[in-house]
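Asks: give the three-dimensional model of this entry:
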Amino acid sequence: MSYPQPFTPEEKLADAKKLMSLPHIVVICGSTRFMTEMSEADLRETKAGKIVVKPGVDMKSPHELWSDPAEAEALKIRLDNLHRAKIRLADEVLVVGDYIGDSTRAEIAYARSLGKTVQFTHPEVDPCP
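Replies: From the prediction side, this is the model:
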């Protein structure tokens, strides 16, 4: 006798999104040097009817919250974990900018490992075309 397999967390999330009639969710990734471009991508994706999540902190810009190097390192780890959660939540990833650094490369690899669709504003920078 065969028993139905329990749903995976990903399947449960997808089912919940359908039951709630949520629009497509896109997460924006890229270097924070492209924050202006990320805001423009946010505008376009929102206009297209998508829910958009993106980095909310640019640690390259000076701020008292990350002026202490030890606090800044701890904050970076928390923000990286938060962004991976955004990737898990999203239906697709949009990579913004014409440069891919180590953090963005890791986010792309993570998204692809989860089976997420990854789009690029500059497809020529895709590390795995």
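
Asks: and Lys76, what does it touch?
Replies: By CB atoms under 8 Å, 6 or more residues apart in numbering, the contact set of Lys76 is Met59. For every residue, glycine as well, the C-beta is placed using N, CA and C.

Asks: can I assume it sits in a strand?
Replies: No - with DSSP: H, G, I helix; E, B strand; the rest coil as the criterion, Lys76 is helix rather than part of a strand.

Asks: so, low pLDDT: which residues of this structure?
Replies: Counting by pLDDT under 70, the chain contains low-confidence residues at 1, 129.

Asks: just the strands in it please.
Replies: 25-29, 51-53, 92-95, 117-120 (DSSP state E).

Asks: partners of the longest one in the sheet?
Replies: Taking DSSP bridges as the criterion, strand 25-29 sits next to strand 51-53 (parallel), strand 92-95 (parallel) in its sheet.

Asks: nearest to Phe7, of the strands of the chain?
Replies: When the strands of the chain are compared by CB to CB, strand 25-29 sits nearest Phe7, at 19.1 Å.

Asks: tell me the most buried of the strands of the chain?
Replies: strand 25-29 (a mean of 24; mean count of other CB atoms under 10 Å).

Asks: and the contacts of that one?
Replies: 17, 38, 41-42, 45, 50-55, 83, 86-87, 89-96, 104, 107-108, 111.

Asks: the residues you listed, buried ones only, as a ChimeraX selection?
Replies: ChimeraX command restricting the contacts of strand 25-29 to the buried ones, with burial defined by 16 or more other CB atoms under 10 Å:
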select :17,38,41,42,45,50,51,52,53,54,55,83,86,87,90,91,92,93,94,95,96,104,107,108,111
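
Asks: among the contacts of strand 25-29, which are in helices?
Replies: Residues of the contacts of strand 25-29 located in helices (DSSP state H): 17, 38, 41-42, 45, 83, 86-87, 89, 104, 107-108, 111.

Asks: hmm, back to that, make JSON lines from the strands paired with strand 25-29 and add distance to Lys116 to it.
Replies: Shown next, in JSON lines, are these (distance: least, CB to CB, whole Å):
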{"stretch": "strand 51-53", "distance to Lys116": "13"}
{"stretch": "strand 92-95", "distance to Lys116": "5"}
